[in-house]
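Novice: Generate coordinates for the sequence data below:
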Amino acid sequence: MKESFRQSMAWLHTWTGLMFGWLLFAMFLTGTAAYFQQEISRWMRPELVTNADPANATQAAIDYLQARQPDAESWFITPPSARNPATEIFWQPKKVEGKPPTRRKRGETSATLDGGGHPVTVRETRGGFFLYRFHFDLHYMPVIWARYLVGVAAMFMLVAILSGIVTHKKIFADFFMLRFGKGQRSWLDAHNVTAVFALPFYLMITYTGLVTLATQYMPWGVMANYASTDTFFEELFPGRADVPRSGVAAPLVSVSPLMAIASRTWGGAAVGSIQVTNPGDSTAIITLRRSATTAIGARGESIVFAGPSGRLLDRHAPDGGALATQSVMVGLHAGRYAGWGLRWLYFLSGVGGTIMVGSGLVLWTVKRRAKLPNPMQPHFGFRLVERLNIAAIAGLPAGLAAYFLANRLLPIAMADRAEWEINSLFLTWAGGLLWACARPQRRAWVESLSCAAALFLAVPIVNALTVPRNMLTGLMTGDWLFVAFDMAMVALAFALGWAARKAARAKPKAMRGTRLNRKELIAA
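Specialist: Reported below is the predicted structural model:
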């Protein structure tokens, strides 16, 4: 019998969702966490406790750089903000003619300062920024290939969403149908409810994710019209030509009035970064860029001043409809413009997407087990999908908890400390995969989810034992970031523990009304 259009879409939805489902789960989980990447980074650097006026802190940072890096090619300064209390500075060392540039270790050309321009000794960590980068750059592989892989997964996700809309006849009615303890029906309800819960968000986040890297995925237009990719980007984002140092010393003007001028020019928007080229020279240039948190468009305006005099030299804003559209697409995807309310809506929608992908992966096995010739002894392909489901859905959260624990437990002075925090995540994740392969499927679910719950519950305990900032002290001093983080860890531990309990009590449909021997019962 010839399949209907809806039936053909059901097949497409099922297999596009499965082929990259495990990678999509990881992308959704880490991308969702990245909506609070600044807060995660602050928790992972508990030494940062100051919050200063951005203009004063920026001037103090310039004073610091003038004293220690006066001959640098350029300085880069990120002022403190409501979400990041520290002043981050970077510098490009002076080039030595005849000597090729050398690769420098992290910290050799950067520093973290307090509001008074004094260096703050903080533990080495990539914090929430790693989670943000992982959701589209992955790790342990070349970035170019990682982004191609992520792009294919995102395209499969878009196909799965659109085909799911066509397949689901009662897409809105089933939003109100969430039945527990009904086996396959419960998994389908969970998948449907989370799918409809934030459907516009899933479409937006998937499409904008593809658009942000469109020139990489579809480079043919660039190749046909430009000599090289570099030429394309130079024309798309023109910058000021490099001006060599004159050799005439000249002090910089105070940066605070320039920041005030820039803010007024942008309608009260804050300055997100400052770049000083040729500092200390008569050719010095100060470039201020609008913060990405003040508008949906990610590519903000910039304003340029002469360093010695403070004279306005230039103003830049994104030109053209195509560039403005791309800027808004990036801004919508990253959500940096969002206030607290909208940020939580982004986050909860991302949680819904993570559950949607995870429940879809489990639903694939639940629907097919009963149709197998021997449900108690499935074929290799089926067992592989089950094990990968356990490793992704239970193993990755366990790895995330291990990442936080490593931040507190690894020695502060450890070499390559930040990389070993990341290694802790992947080692735990790999251990979850090995455990899922070694144990019976049902027991693997229970044990893996229980392990993840225990690791998340350990985070606030270990935090309280290793640093003075925790939930208890936070309640007394108003340090709400640490209170909220510990509460989030406890909530995740509770959710995973509840899932482990449900998995322990679950009775496969194939077992109902059937007498099984002990070996078959364990395998189930």
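
Novice: ok, now which ones touch the most centrally placed residue in the chain?
Specialist: Centroid-nearest residue in the chain: Tyr132, 2.2 Å away (criterion: CA atoms, centre = their mean). Tyr132 makes contact with 30-31, 34, 37, according to CB atoms under 8 Å, 6 or more residues apart in numbering. In short, each C-beta sits where N, CA and C put it, glycine included.

Novice: mind checking the longest helix of this structure?
Specialist: For the chain, the helix with the greatest residue count under DSSP state H is helix 340-369.

Novice: which strands and helices sit next to that helix?
Specialist: Where contact means 3 or more CB pairs under 8 Å, 6 or more residues apart in numbering; DSSP states H and E, helix 340-369 is packed against helix 5-19, helix 21-33, helix 184-197, helix 199-212, helix 380-390.

Novice: Swap in 6 Å and give it another go.
Specialist: helix 21-33, helix 184-197, helix 380-390 (3 or more CB pairs under 6 Å, 6 or more residues apart in numbering; DSSP states H and E).

Novice: now the last one, how far from the chain's geometric center?
Specialist: How far helix 380-390 lies from its chain's middle: 27 Å, per CA atoms, centre = their mean, to the nearest Å.

Novice: Show me what counts as buried in the next helix or strand after that helix.
Specialist: Next along the chain after helix 380-390, taking DSSP states H and E as the criterion, comes helix 396-409. By neighbour count on 16 or more other CB atoms under 10 Å, the buried set for helix 396-409 is 396-408.

Novice: Can I get these in JSON lines including distance to Phe197?
Specialist: Formatted as JSON lines, the buried residues of helix 396-409 follow (distance: CB to CB, whole Å):
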{"residue": "Leu396", "distance to Phe197": "21"}
{"residue": "Pro397", "distance to Phe197": "20"}
{"residue": "Ala398", "distance to Phe197": "25"}
{"residue": "Gly399", "distance to Phe197": "26"}
{"residue": "Leu400", "distance to Phe197": "22"}
{"residue": "Ala401", "distance to Phe197": "25"}
{"residue": "Ala402", "distance to Phe197": "29"}
{"residue": "Tyr403", "distance to Phe197": "27"}
{"residue": "Phe404", "distance to Phe197": "27"}
{"residue": "Leu405", "distance to Phe197": "31"}
{"residue": "Ala406", "distance to Phe197": "33"}
{"residue": "Asn407", "distance to Phe197": "32"}
{"residue": "Arg408", "distance to Phe197": "34"}
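
Novice: quick revisit: out of the contacts of Tyr132, who's nearest Arg439?
Specialist: Within the contacts of Tyr132, proximity to Arg439 (CB to CB) peaks at Thr30, which comes in at 25.8 Å.

Novice: ok, now which ones touch Thr208?
Specialist: Contact analysis of Thr208 by CB atoms under 6 Å, 6 or more residues apart in numbering lists 329, 332-333.

Novice: Just the ones of those residues in strands?
Specialist: In strands, judged by DSSP state E, none of the contacts of Thr208 are found.

Novice: Tell me which stretches of the stretch 201-350 of the chain form helices.
Specialist: 214-217, 220-225, 229-236, 255-265, 321-334, 340-369 (DSSP state H, counting those that start in this stretch).

Novice: can you pull the pLDDT of the residue nearest to the centre of the chain?
Specialist: At Tyr132, the pLDDT value in this model is 96.

Novice: Good, we can wrap up now.
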